[in-house]
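> dropping a prediction and its sequence here:
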Amino acid sequence: MIFVMGGIGRDSCEQYNINDDKWTSIANLNQKKSLISAYILKNRFIYVFGGYEIETIEEYEILQRQEWKLLELKLP
């Protein structure tokens with residue numbers, strides 16, 4: 001799977017299934033974000049860090065919850 005999140009003025013997210021050659025929409029981010037960093041942990045969680053003038057972190061549980069959760073943490 002490949003995940004694409006946000007973009008200039010966007011909160012939308014999609015996943016691409018390489019085997020099926022198919023894009024699918026997933027839950028939107030809680031905030032519109034661009035210039036983010038992202039990390040997948042243990043093939044279970046996606047973390048999206050910051051963005052242009054944004055200090056928040058969001059978490060997406062790939063297998064179960066399938067929604068973005070705005071974490072209480074802030075970037076320094």
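Perfect, I can see it now.
> neighbours of the closest residue in space to Arg10 that isn't next to it in sequence, how many?
Residue nearest to Arg10 in three dimensions, not counting chain neighbours: Lys32, with 5.9 Å by C-beta to C-beta, 6 or more residues apart in numbering. For glycine as for every other residue, the C-beta is placed from the backbone atoms N, C-alpha and C. By other C-beta atoms under 10 Å, the residues close to Lys32 number 16.
> check what pLDDT Lys32 gets.
On the pLDDT scale, Lys32 is placed at 94.
> is it true that it touches Gly9?
Yes. The pair Lys32 / Gly9 is scored as a contact, 5.7 Å apart, by C-beta atoms under 8 Å.
> what helix or strand is the residue lying closest to Phe3 once chain neighbours are set aside on?
Closest residue to Phe3 in three dimensions, ignoring its sequence neighbours and counting by C-beta to C-beta, 6+ apart: Gln15, at 5.2 Å. Gln15 is part of strand 10-17, with elements assigned from DSSP states H and E.
> likewise for Tyr47?
strand 45-49.
> with Lys69 instead?
strand 68-74.
> what strands flank that strand, and is each parallel or antiparallel?
According to DSSP bridges, strand 68-74 has the following sheet partners: strand 56-61 (antiparallel).
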